[in-house]
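Novice: here are the coordinates; sequence isn't available:
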């Protein structure tokens, strides 16, 4: 039997005793060192502190950044339903109730305290920049000179609506808790919207009005989602109305004071070169300054259409781009404004200088329109149209078209001056006019539609009038000229010499129409009108028998202005014909924040 030498056994025993004696000490030292390291006593960099956003259930929150401009963070929602309006804000952890409920002194209806994000769909993420907003003295987001390494702890909140046509939040939820250290520098600003992981960049390769030339200039923009909830869609070249808060977009590299650098497209600027992007024609109606909180603008969507609800194509996204130079430069440019908006803070220095309404609407007339575009019907005796200047309109004097009767009409007929450009009698149209009359007792047509430009067999027409026996409004229909036209229908109110706004609505092929005259567009308040007025064959408003209705079968429609024969006149600032929206409901617009 082999026996291990005594010396080897002695060495093994010594090694074991060494390990037993010192191993525990080594283990204890290692544990203590780890604890000291965790406590930061070994001088590790402060930048290794946790940075991030801990999201609440059904929300997304990530990538917080803290710089001199405030907090930037990416958020989203997975609630399973669309938020038809969303507004975000950030509060410091020092803000009372910032974690458990809405901050103290926070105004739920004051959206100026929040960053508008527009429509938020499930899975969509939006990155936004939130600087200091003084809704309360406590817990403001610090901005300005922020030392690198400064710690910010706080919370992201989201206000939102789950119904369409929402102007301020009806619900609030905490999205997540932020912990981030300042990285210094200046945040570039803006937002980037990402849907299903596909991000839209805000860096453009263009600076020209066609957004096609190569450049390193960044073009900021706002994406606008148009949503149609009606059973019918829009036609091509549809005129979309937008009401925008320009003051919310008038920061650096955004809307300028005169609204002259705004251009609309159907493709985001960054994608323009690859998609052959061409701007959309747009016409600013009112509030056309960078300081306005209610800017009304009309955009011709070109070949882009919005389908009926339920068909999967009932939305369209367009883009409002803030160009690096002026694009409102002539009356044929892609962006223009109403003719009377000149002087003061407006871009135009004279009447209709940048009025491009003829590019946006299928029929458009202003005070500078050539009178050679009008055709007098065959029975016209003494009724004419001419151009006049220096007509008072608010604080300015404008150009206008004057429709006037020189003396009494020699025939018992309704003469007319009709604009020579017609439109196909398909779909439906809304005619809107801005006019002033002399206030006398002789009827003047404030605008109408006819089936032809001359007093001929089968001539059908409808119109809205004023001053019929000194009344504010009346409706007319029939055949102009000697064939018989009946006015004075559904009349009421007392006439005035103030500027008025006429609106006539007609769906082609119908045997009725609606119209009203009021002190403003889009509301009959303070005015008078007729709803669903029927022009049936064989009936008349003032006795006799009306001629057959020939407008319903017309192939084209024309804008016409009439006179009933007495000495009177009317000034026209502008008239526009636009497409009838689906079921009389304009597609709803959801603007995003600046991207």
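Specialist: Everything's here; your move. This one's a predicted model, so the numbers in the text were calculated from it and none came from an experiment.
Novice: Who is the residue nearest in space to the middle of the chain paired with across the strands?
Specialist: Nearest to the mean C-alpha position of the chain, by Cα atoms, centre = their mean, lies residue 242 at 3.3 Å. With DSSP bridges as the criterion, residue 242 is bridged to residue 297.
Novice: isn't it right next to residue 294, touching?
Specialist: No - with contact defined as Cβ atoms under 8 Å, residue 242 does not reach residue 294; the gap is 10.9 Å. Quick note: C-beta positions are derived from backbone N, CA and C, even for glycine.
Novice: Enumerate every residue touching the residue nearest to the centre of the chain.
Specialist: By Cβ atoms under 8 Å, 6 or more residues apart in numbering, the contact list for residue 242 reads 224, 295-299, 589, 591.
Novice: at 10 Å instead, please
Specialist: Residue 242 sits next to 224, 226, 264, 282, 284-285, 295-299, 318, 320, 586, 589, 591 when contact means Cβ atoms under 10 Å, 6 or more residues apart in numbering.
Novice: Pull up the gap between it and residue 286, please.
Specialist: According to Cβ to Cβ, to the nearest Å, residue 242 stands 12 Å off from residue 286.
Novice: Between the two, which contacts overlap?
Specialist: Shared contacts of residue 242 and residue 286, defined by Cβ under 10 Å, 6+ apart, comprise 295-297.
Novice: Sketch out the helices for the stretch 251-400 of the chain, chain order is fine.
Specialist: Using DSSP state H, counting those that start in this stretch, the helices of the stretch 251-400 of the chain run over 272-275, 357-360.
Novice: Lowest average pLDDT across these?
Specialist: Among the helices of the stretch 251-400 of the chain, helix 272-275 has the lowest mean pLDDT, at a mean of 44.
Novice: State the pLDDT value of residue 140.
Specialist: The per-residue pLDDT reported for residue 140 equals 50.
Novice: do the same with residue 464
Specialist: Note on residue 464: pLDDT of 94.
Novice: hang on, it in a strand?
Specialist: Yes - counting by DSSP: H, G, I helix; E, B strand; the rest coil, residue 464 falls inside a strand.
Novice: Looks like it contacts residue 524 (just checking).
Specialist: No - if you go by Cβ atoms under 10 Å, residue 464 and residue 524 don't touch, sitting 11.6 Å apart.
Novice: Find residues that contact each of the two.
Specialist: Here residue 464 and residue 524 have 473, 503, 514-517 as joint contacts, going by Cβ under 10 Å, 6+ apart.
Novice: Go through the residues you listed and flag which are in strands.
Specialist: 473, 503, 514-517 (DSSP state E).
Novice: how deep is residue 567 tucked in, by neighbour count?
Specialist: By other Cβ atoms under 10 Å, 15 other residues sit near residue 567.
Novice: gap between it and residue 435?
Specialist: Taking Cβ to Cβ, one finds residue 567 at 18 Å from residue 435.
Novice: before we move on, what about residue 234?
Specialist: Noted for residue 234: a distance of 28 Å to residue 435, by Cβ to Cβ.
Novice: Quick check, pLDDT for residue 338.
Specialist: Residue 338 is assigned 98 on the pLDDT scale.
Novice: residues in contact with stretch 529-536?
Specialist: With contacts defined as Cβ under 10 Å, 6+ apart, stretch 529-536 is touched by 460-462, 464, 472-478, 486, 489-493, 502-505, 510-518, 524, 541, 546-549, 551-552.
Novice: Return the members of those residues classed as buried.
Specialist: The neighbour-count test (16 or more other Cβ atoms under 10 Å) marks 460-462, 464, 472-478, 486, 489-491, 493, 502-505, 510, 512-518, 524, 541, 546-549, 551-552 as buried among the contacts of stretch 529-536.
Novice: three-state assignment of residue 94?
Specialist: coil.
Novice: Verify the contact between it and residue 154 for me.
Specialist: Yes - counting by Cβ under 10 Å, residue 94 does reach residue 154; the two are 8.3 Å apart.
Novice: Residue 590 versus residue 223, what's the distance?
Specialist: Distance, residue 223 to residue 590, using Cβ to Cβ: 9 Å.
Novice: neighbours of residue 265, just the number please.
Specialist: The number of residues packed near residue 265 is 22, by other Cβ under 10 Å.
Novice: In terms of pLDDT, where does it sit?
Specialist: Predicted confidence (pLDDT) for residue 265: 91.
Novice: That one pairs with what?
Specialist: Taking DSSP bridges as the rule, residue 265 bridges to residue 319.
Novice: now residue 431, which residues is it bridged with?
Specialist: residue 504, residue 577.
Novice: now it: how far from residue 400?
Specialist: As judged by Cβ to Cβ, residue 431 and residue 400 stand 18 Å apart.
Novice: what do you get for residue 490?
Specialist: Here the criterion is Cβ to Cβ. By it, residue 490 lies 28 Å from residue 400.
Novice: same thing with residue 61?
Specialist: Residue 61 is 57 Å from residue 400, by Cβ to Cβ.
Novice: can you check residue 337 too?
Specialist: Here the criterion is Cβ to Cβ. By it, residue 337 lies 17 Å from residue 400.
Novice: repeat for residue 319
Specialist: Per Cβ to Cβ, residue 319 is found 36 Å from residue 400.
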